[in-house]
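Colleague: pasting the structure only:
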Ligand SMILES: C[S@@+](CC[C@H](N)C(=O)[O-])C[C@H]1O[C@@H](n2cnc3c(N)ncnc32)[C@H](O)[C@@H]1O
């Protein structure tokens, strides 16, 4: 399919009018690829035909779909590492000083796509809980793309209730040596996926770190039965002190909140 100059100018103009995004001449090859599946879905044979329908204004929803398709929603966690480095090394220390009295920060991810940037920002703060204790930090994500926001909403609705989310939250608390806080998350993960050896192993580890060795042994044994071989070393150490893996470090960290 060929994109005529006039078609690409009209489509680039539509995108710029709706979003401010400019499709420079050397990136106009994207138009064809970006719109191919929309044309297929709508049974439209050529871009010129699409332009005719758009100009006639008979299908008001179509221009939104065209804009959606032309947007580039590429995102991933800590995308283009540099802005995050600058934020944590330069901007946040200054803001922290300036906002000492209010202890309040508001951050706007103004083209957040499906939300990875928002979560990456949240991770910057979650990584240093003591430093940000007592602060109120709001992170807002917005995007002109309804599809991207719908995907982000779906993830927020579904992910918090999944095994992976409970496991990840538990693992973060274990990493921070907050074993008591980790416990309900890892118990829920083990409940949601009873066949998961790694969940039972992590549960054993949290319990052992809390001094509940008998319970820990039971979960290490279960993890081993489920094929998580690392549990054998932990079990060995508990049953035969001085052998196996090193014991977990006991935390002196105060319980959160
Ligand atoms: C390449 S993605 C980058 C996403 C995220 N900022 C990141 O770096 O991971 C750009 C996002 O900006 C959105 N966008 C483009 N123009 C916009 C506008 N005028 N207002 C809000 N969002 C916009 C797009 O829909 C797209 O999801």
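Modeller: Nice, thanks for sending it over. Computed from a predicted structure; not experimentally measured.

Colleague: what does the stretch 1-150 of the chain have sitting close to the ligand?
Modeller: Listed as neighbours of the ligand in the stretch 1-150 of the chain under the rule Cβ under 6 Å from any ligand atom: 19-21, 71-75, 79, 110-113, 116-117, 143-145, 148. Every C-beta, even on glycine, is put in place using the N, C-alpha and C of the backbone.

Colleague: The stretch 151-257 of the chain: helices as residue ranges?
Modeller: Per DSSP state H, counting those that start in this stretch, the stretch 151-257 of the chain carries helices over the ranges 163-175, 179-192, 197-209, 213-225, 230-239.

Colleague: How is the chain partitioned into domains?
Modeller: 5-70, 81-153, 162-239 (automatic domain parsing).

Colleague: would TSV of these with mean neighbour count and mean pLDDT be doable?
Modeller: Formatted as TSV, these follow (neighbours: other Cβ atoms under 10 Å; pLDDT from 0 to 100):
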stretch	mean neighbour count	mean pLDDT
domain 5-70	14	90
domain 81-153	14	94
domain 162-239	19	92
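
Colleague: re the thing from before, next step: the residues of the stretch 1-150 of the chain next to the ligand restricted to helices.
Modeller: 19, 116, 117, 148 (DSSP state H).

Colleague: Run a quick check on the last one versus residue 114, I expect a contact.
Modeller: Pointing back at residue 148 there. Yes. Under the criterion of Cβ atoms under 8 Å, residue 148 makes contact with residue 114 at 5.1 Å.

Colleague: Can you check which residues contact both of those two?
Modeller: By Cβ atoms under 8 Å, 6 or more residues apart in numbering, residue 148 and residue 114 have these common neighbours: residue 73.

Colleague: Strands along the stretch 51-200 of the chain, start to end?
Modeller: Applying DSSP state E, counting those that start in this stretch to the stretch 51-200 of the chain gives strands spanning 104-109, 136-141.

Colleague: Now do the contacts for residue 206.
Modeller: Applying Cβ under 8 Å, 6+ apart, we find residue 206 in contact with 170, 174, 179, 182, 183, 186.

Colleague: I'd assumed residue 198 was in contact with residue 227.
Modeller: No. Assessed by Cβ under 8 Å, residue 227 is found out of contact with residue 198, at 9.6 Å.

Colleague: Quick check: of the ones in helices among the residues of the stretch 1-150 of the chain next to the ligand, which lies closest to residue 238?
Modeller: Relative to residue 238, the closest of these is residue 116; by Cβ to Cβ it sits at 39.6 Å.

Colleague: That closest one and residue 89, how far apart?
Modeller: Distance, residue 116 to residue 89, by Cβ to Cβ, to the nearest Å: 21 Å.

Colleague: got it, and residue 128?
Modeller: Distance from residue 128 to residue 89, by Cβ to Cβ: 13 Å.

Colleague: now swap in residue 125 and tell me
Modeller: Here the criterion is Cβ to Cβ. By it, residue 125 lies 15 Å from residue 89.

Colleague: ditto for residue 76
Modeller: With distances taken as Cβ to Cβ, residue 76 is found 21 Å from residue 89.

Colleague: Ok, residue 4 next?
Modeller: Residue 4 is 48 Å from residue 89, by Cβ to Cβ.

Colleague: got it, and residue 226?
Modeller: Using Cβ to Cβ, residue 226 is found at 43 Å from residue 89.

Colleague: Skip the chain neighbours and tell me the closest residue to the residue in the chain that the ligand sits nearest to.
Modeller: Distances between the chain and the ligand by Cβ to the nearest ligand atom are smallest at residue 111, namely 2.6 Å. Using Cβ to Cβ, 6 or more residues apart in numbering and skipping residues adjacent in sequence, the residue nearest residue 111 is residue 143, 5.6 Å away.
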